[in-house]
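Engineer: Sharing a model prediction with you, sequence too.
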Amino acid sequence: MAHAVVIGAGIGGLTATLALARKGWSVTVLEQAASLEPVGAGLAVAPNALRALDVIGAGDEVRRLSAIQGRSGIRVPDGRWLSRTTAEDAAARYGDPIVLLARSSLVGILAERLPQGALRLNTRVESVDPATGRVTVRGTAETIEADLVVAADGIRSRTRSALFPGHPAPVYAGVTSWRMIVPLAGETGASETWGAGLVFGVMPLVGGQVYCYATAPVPAGLRAADERDELLRLFGRWHDPIPALLAAADPEAVLRHDIHCLDAPPPAFHAGRVALLGDAAHPMTPNLGQGACQAMEDAVVLAERVSPHDDPAAGLAVYSRERLARTTPIVRRSRAIGRLTRWRNPLAVTLRDGAMRAVGRFGPNVAMRQFDPVFDWRP
């Protein structure tokens, strides 16, 4: 049986493992962490990604365990809406709404479906030979022979750097981000609020929890002694329920990371027997909510294009060509939206908000139409 090695047990790596196994591959997934313990963050799974999850038989469980992004849209700090849509609008247009769940829940759904013995934790890859598919494990004399290697090793992918050593590394996108999951009684709608250079997002989850995220334009590397206090300083006077959410947050559970992205895609998403997938191939800003969604798309397309019965070279070339064409405009569009959120000049912010409000007046279909190229994808 043809053997595939997947490097990285994040959402993209786990989806690739399941998709390849369903196509007849024997799969080993190598994860450097000692356990699958995801960060305390939420995730929006858009209709395109739900279709990818349907391919591996996980879509219905994700729908069942998720909250639905009901009435949602873009607001300004005093609470006024710039644009609004509903779950019904999305379902009518795309066949599914956007669903919301904890990242750990999705990882758990995927992990429990892995073939027995497929996952190896606490295993760090030292190198990959693209010509032979030989994978060397760090700290041991072990090598693993593979017919296909899937590098899902994240934004700082060592595999990408080795395959394309002259390609520029990801760059700081100009904003730092905070994320947290907060317990909050009562119903909370989904929204994203744009201020002068600042963004605060609210996503309801199941079980009386709310996922919150925020961004601010600051120099890379800055950290606060108390990140919740920093959020209160920046957002504590914004509209409800933001102050209540911040008051209910556990200061120890607030995550802060600088956002990086790859402005120019690598020449290809493969070399030899190695495929790049997810953030290893196309790290993007979070402004379209498509980072994990595109990784899931990558996974099912890769499994469809490479056959366990043939040399993977032809299939990898098709995968690379298709996914470069698909993901490159999404990366660029997300980056462009990220730049809009960083505007701080009062006149520029007024013009930006006015344009968004004008589009919103034409109704949800006009506002949602801009997402058609992203959400309409089908495997």
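Structural biologist: That came through fine. Because the structure is predicted, anything quoted here is derived from the model rather than measured.
Engineer: Mind listing what's buried along the lengthiest strand in the chain?
Structural biologist: Using DSSP state E, we find that the single longest strand of the chain is strand 171-183. Buried residues in strand 171-183, counted by 16 or more other Cβ atoms under 10 Å: 173-182. Where C-beta positions appear, they are placed from N, C-alpha and C, glycine not excepted.
Engineer: Please convert those to JSON lines, extending it with pLDDT and distance to residue 345.
Structural biologist: JSON lines is the format used below for the buried residues of strand 171-183 (pLDDT from 0 to 100; distance: Cβ to Cβ, whole Å):
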{"residue": "173", "pLDDT": "97", "distance to residue 345": "19"}
{"residue": "174", "pLDDT": "96", "distance to residue 345": "15"}
{"residue": "175", "pLDDT": "97", "distance to residue 345": "16"}
{"residue": "176", "pLDDT": "98", "distance to residue 345": "20"}
{"residue": "177", "pLDDT": "98", "distance to residue 345": "22"}
{"residue": "178", "pLDDT": "98", "distance to residue 345": "24"}
{"residue": "179", "pLDDT": "97", "distance to residue 345": "27"}
{"residue": "180", "pLDDT": "96", "distance to residue 345": "29"}
{"residue": "181", "pLDDT": "95", "distance to residue 345": "34"}
{"residue": "182", "pLDDT": "95", "distance to residue 345": "32"}
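Engineer: of those residues, closest to residue 52?
Structural biologist: Relative to residue 52, the closest of the buried residues of strand 171-183 is residue 179; by Cβ to Cβ it sits at 23.3 Å.
Engineer: Surely the closest one touches residue 212?
Structural biologist: Yes: counting by Cβ atoms under 8 Å, residue 179 touches residue 212, with 7.2 Å between them.
Engineer: Can you dump the C-alpha atoms of whichever helix or strand comes after the longest strand of the chain in CSV for me?
Structural biologist: Reading on from strand 171-183 to the C-terminus, the next helix or strand found by DSSP states H and E is strand 191-194. Extracted in CSV, the C-alpha atoms of strand 191-194 (Å, rounded to 0.1, in the frame of the first residue of the first chain):
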residue,chain,number,x,y,z
SER,A,191,-20.5,41.0,14.8
GLU,A,192,-17.2,42.6,13.9
THR,A,193,-16.6,46.2,14.9
TRP,A,194,-14.3,48.5,13.1
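Engineer: Okay, strands next: where are they in the stretch 101-250 of the chain?
Structural biologist: 119-120, 125-129, 134-137, 143-145, 148-151, 171-183, 191-194, 199-204, 209-216 (DSSP state E, counting those that start in this stretch).
Engineer: Deepest in the core, which of those is it.
Structural biologist: Of those, the one with the most neighbours on average (mean count of other Cβ atoms under 10 Å) is strand 148-151, at a mean of 29.
Engineer: Tell me which other helices or strands it touches.
Structural biologist: strand 3-7, helix 11-22, helix 158-163, strand 274-276 (3 or more Cβ pairs under 8 Å, 6 or more residues apart in numbering; DSSP states H and E).
Engineer: pull the helix or strand with minimum mean pLDDT from the chain.
Structural biologist: helix 364-369 (a mean of 74; mean pLDDT, DSSP states H and E).
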